[in-house]
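Trainee: fold the following.
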Amino acid sequence: ELFPIEKLVYLSPDSRNDLSKYNDDDIYVIGGIIDRGEDKAPMTLANAKKLNIRHARFPMRRTLGIQAELNVETCVAIMNDLKASQDWFYALRWVPARFLANRVKVNPDVLQNKLAYRAHKALSPTVSIGSDNAERNMMLNAKQYRSMYTKIMAAKSMEEMKELLESLKI
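Mentor: Numbering: from 1, shown residues only. Below is the predicted model:
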């Protein structure tokens with residue numbers, strides 16, 4: 001009743017609709033409770049459907065190759081970056097690296113997974129909060145992030161990666 005129902009978009013990892021872009025006219029609702037009923041069905045997604053509220057999920061599978069349920073703080077950070085850049089790859093830098101580490105554990109022989117985990121972790125704005133690295137990573141814009149991510153993915157050694165990161169010092 002507070003907002004027009006046609007402007008609401010409920011963000012749920014259980015939705016089958018990928019959010020394609022940030023729309024300034026929409027009002028995004030981020031759930032902040034454990035979203036499972038006794039039958040393990042997603043409660044808020046069911047309510048959104050029942051009330052005819054649009055729903056969507058972050059396109060993590062398409063963009064990062066993972067699926068994860070994120071906390072509210074991470075969702076807000078992602079939405080802020082998405083609003084500023086309209087770049088999902090950049091906005092999803094806030095996804096904790098542990099989710100990409102799980103992909104490495106499941107498929108330890110896939111080099112691409114290891115390299116993606118290494119790049120994501122090195123450029124995460126949540127790495128060692130309060131450290132110079134976290135501050136440096138938060139200052140990256142979408143273009144800088146993509147460029148550095150590509151360079152880290154191509155680095156032949158940890159030493160080469162560290163040299164690349166040193167070149168980013170603020």
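Trainee: Leu100 versus Val29, what's the distance?
Mentor: The gap separating Val29 from Leu100 is 27 Å, by C-beta to C-beta, to the nearest Å. Where C-beta positions appear, they are placed from N, C-alpha and C, glycine not excepted.
Trainee: of those two, which one has the most company?
Mentor: A count of neighbours by other C-beta atoms under 10 Å puts Leu100 above the other of Val29 and Leu100, at 22 against 17.
Trainee: name the helix or strand for that one, please.
Mentor: Element membership for Leu100, per DSSP states H and E: helix 98-106.
Trainee: list the buried residues for that helix?
Mentor: For helix 98-106, a neighbour-count test (16 or more other C-beta atoms under 10 Å) marks 99-100, 103-104 as buried.
Trainee: cool, stretch 102-119 as well?
Mentor: Buried residues in stretch 102-119 (16+ other C-beta under 10 Å): 103-104, 113-119.
Trainee: out of those residues, which are inside strands?
Mentor: Counting by DSSP state E, those place none of their members in strands.
Trainee: of these, closest to Ser157?
Mentor: Arg118 (11.0 Å; C-beta to C-beta).
Trainee: is it true that the closest one touches Met161?
Mentor: Yes - using C-beta atoms under 8 Å, Arg118 makes contact with Met161 at a distance of 6.9 Å.
Trainee: shared neighbours, the two?
Mentor: Ile152 (C-beta atoms under 8 Å, 6 or more residues apart in numbering).
Trainee: show me what the lowest-mean-pLDDT helix or strand in the chain is packed up against.
Mentor: Least confident helix or strand of the chain, by mean pLDDT, DSSP states H and E, is helix 43-50 with a mean of 83. With contacts taken as 3 or more C-beta pairs under 8 Å, 6 or more residues apart in numbering; DSSP states H and E, helix 43-50 sits against strand 8-11, strand 54-56.
Trainee: how about the nearest residue to Arg54, chain neighbours excluded?
Mentor: Spatially, and ignoring its direct neighbours in sequence, Arg54 is nearest to Val9 (4.8 Å; C-beta to C-beta, 6 or more residues apart in numbering).
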